[in-house]
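Chemist: Can you look at this prediction? I've put the sequence above it.
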Amino acid sequence: MSYRELPVRPVLAWSAVTVAGRLPIAMAPLALVFLVRERPGGYTLGAALAAAYVIGEIVAAPVLGLRLDAERARPQLVVGLVVGAVGFAGLGLAPDAHPVVLAALALVAGAGPGAVPGALRALLTSMVPERAVTQAMSMESMLTFVVWAAAPALATGLALGVGPAVPLLLQAALLALSVAGMWLLPAGWTVEPQEKGTSARRALLRAWPVYVLGAAGLGLLALAELILPALLEQRGIAIGWAGPLLAGFSIGSAVGAFVYGLRGHWPGPLAVQSVVLLLAVSAGVALVAVLPWTAAIGVALVAAGLLQAPAMLTRNLALRLLLPPSALAAGYSVMYAAVGAGYAASGALAGGLLKLVAPSTAILYGVGLTVLLAVIGTVGERRLNRRTEAEAAAAQAEGPAVDAVERKVRR
């Protein structure tokens, strides 16, 4: 199936709801920093509010994802979006409130829609034919990278050009708009009757290697984003180049997602594709640390971006194969939390290392940690696949024996 078959009314409606729901998420950290930057200790407070928001996302995503009713997900998603809108509106309407109040509102704004990205992904894959799942998820990845590329500019422009509270109020309005759009989508996705008794928690726990690889992948993005300004200063390059260079990474990721979706199947198992792509992205980020020229750094970042999106896509596709449909939304939500944790951990590591070593060395340490996580995840996934294959073979062998017993009983 080609991309030309995706622009049908349900998928277009899904795309509109997704953009309206994810743009506030992408704008949030920077918008929170601009909201309080003029207060005493504003940047420190802004970083704390952004951390509270991310913690809300990471904690709520798996908890709410596990509680989703797949066939009647809409009411739960609407409640989550409304809670997020209330949190953003509170921040925008009371920017001078006590820091504890602002932190609580940021936590609520992050936690409310925690399960929405995972549920919308599960809903998308249920709306398209099986042969079009790769293209649909590639399209979702392209949308995500476009949103994340536009969000910083939008948040900065509104905060500096109109007012610090305006981005937060816009975020609340966008979430309210996505609430209205939920009625353009199916109420949920179908779950086979025999799957309703499946232990979702057990299935999610068994898939831990996939989450480790996902966290490792986004950890590389954190290294690229958070250390790049310091690296440019180390190289004697104008810090203003950080924005265009990171935009190149995002554009490369969108192109990579598009190219990956052009083919329904790529050579090799998904686990092999994932580790190869992840190691290639690691090599690209390592090159950023050692190359001395602006153009060369830009080329390395674009190349890393081209491979970053396919690496994440293979993780989501692998998760779809490992989990029953009844647990998919929860699985995607856990993945969302895992990659957020990977980003936060890499950012914290980078911040700590910058106090001890040069930016280029900090990036190389971070790449080393990513490679270690990739090895752990790959070994774990290999064992998981072997166990899954063995269980499938045992179930297949057991089937004829059960049928024979039933025939004897009937006689």
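Modeler: That came through fine. Numbers count the residues shown, from 1 in each chain.

Chemist: remind me which residues of the stretch 301-411 of the chain are low pLDDT?
Modeler: Low-confidence segments of the stretch 301-411 of the chain (pLDDT under 70): 388-411.

Chemist: thought residue 123 was touching residue 184?
Modeler: No: using C-beta atoms under 8 Å as the test, residue 123 is too far from residue 184 to be in contact (11.6 Å). C-beta coordinates here come from the backbone N, C-alpha and C atoms, glycine included.

Chemist: the more surrounded of these two?
Modeler: Ranked by neighbour count (other C-beta atoms under 10 Å), residue 123 and residue 184 place residue 123 first, with 25 against 13.

Chemist: Count the residues that sit near the residue nearest to that one when sequence neighbours are not counted.
Modeler: Distances taken as C-beta to C-beta, 6 or more residues apart in numbering place residue 189 nearest to residue 123, at 5.7 Å, with adjacent residues excluded. Neighbour count for residue 189, taken as other C-beta under 10 Å: 19.

Chemist: Surely residue 189 is in contact with residue 120?
Modeler: No: in this structure residue 189 lies outside contact range of residue 120 using C-beta under 8 Å: 10.7 Å.

Chemist: Pop out the phi and psi values for the residue nearest to residue 123.
Modeler: Torsion angles at residue 189 (phi, psi; degrees, to the nearest 10) stand at phi -130, psi 150.

Chemist: from here on, count from 31
Modeler: Taking 31 as the first residue, the last one we looked at is residue 219.

Chemist: got the contact list for it?
Modeler: With contact taken as C-beta atoms under 8 Å, 6 or more residues apart in numbering, residue 219 is in contact with 100, 101, 103, 152, 153, 156, 355.

Chemist: and if you look at residue 195?
Modeler: So residue 195 contacts 65, 121, 122, 123, 125 (C-beta under 8 Å, 6+ apart).

Chemist: Phi, psi for the residue nearest to residue 87 when sequence neighbours are not counted please.
Modeler: Nearest in space to residue 87, with sequence neighbours left out and distances taken as C-beta to C-beta, 6+ apart, is residue 140 at 4.3 Å. Backbone geometry at residue 140, expressed as degrees, to the nearest 10, gives phi -80, psi -40.

Chemist: just checking, residue 140 touches residue 91?
Modeler: No: contact criterion C-beta under 8 Å: residue 140 and residue 91 do not qualify, at 9.3 Å.

Chemist: Identify the spatial nearest neighbour of residue 317, chain neighbours not counted.
Modeler: residue 330 (4.2 Å).

Chemist: What degree of burial does the residue nearest to residue 87 show, as a neighbour count?
Modeler: Residue 140: 29 neighbours (other C-beta under 10 Å).

Chemist: what's residue 91 sitting at in phi/psi?
Modeler: Torsion angles, degrees, to the nearest 10, at residue 91: phi -60, psi -50.

Chemist: so the residue most central in space within the chain is in which element?
Modeler: Nearest residue to the geometric centre of the chain (C-alpha atoms, centre = their mean): residue 366, 4.6 Å. Under the criterion of DSSP states H and E, residue 366 resides in helix 358-384.

Chemist: how about low-confidence regions in the protein?
Modeler: 31-32, 35, 221-230, 294, 418-441.

Chemist: go with 90
Modeler: The chain contains residues with pLDDT under 90 at 31-42, 56-82, 84-85, 87-104, 125-126, 144-145, 147-149, 151-193, 215-441.

Chemist: What about the contacts of residue 195, which are in helices?
Modeler: Residues of these located in helices (DSSP state H): 65, 121, 122, 123.

Chemist: ok, of those, which one's closest to residue 203?
Modeler: Closest approach between the ones in helices among the contacts of residue 195 and residue 203, by C-beta to C-beta: residue 122, at 9.6 Å.

Chemist: Counting neighbours, what do you get for that closest one?
Modeler: Applying other C-beta under 10 Å, we find 22 residues neighbouring residue 122.

Chemist: Which stretches in this structure count as helices?
Modeler: 39-66, 72-96, 104-123, 129-141, 146-157, 163-191, 196-211, 230-236, 238-265, 272-292, 300-320, 324-352, 358-384, 389-440.

Chemist: Go through the third one and flag the buried ones.
Modeler: I take that to be helix 104-123. 104, 106-108, 110-111, 113-122 (16 or more other C-beta atoms under 10 Å).

Chemist: for it, the distance to its chain's centre please.
Modeler: Remark: helix 104-123 is offset 20 Å from the chain centroid, using C-alpha atoms, centre = their mean, to the nearest Å.

Chemist: by how many degrees do it and helix 196-211 diverge?
Modeler: Helix 104-123 and helix 196-211 are oriented at 160 degrees to each other (axes from the mean of the first three to the mean of the last three C-alpha atoms, to 10 degrees).

Chemist: In JSON lines: the ones in helices among the contacts of residue 195, plus distance to residue 76.
Modeler: Output for the ones in helices among the contacts of residue 195, formatted as JSON lines (distance: C-beta to C-beta, whole Å):
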{"residue": "65", "distance to residue 76": "7"}
{"residue": "121", "distance to residue 76": "11"}
{"residue": "122", "distance to residue 76": "14"}
{"residue": "123", "distance to residue 76": "18"}
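
Chemist: Good, wrapping up.
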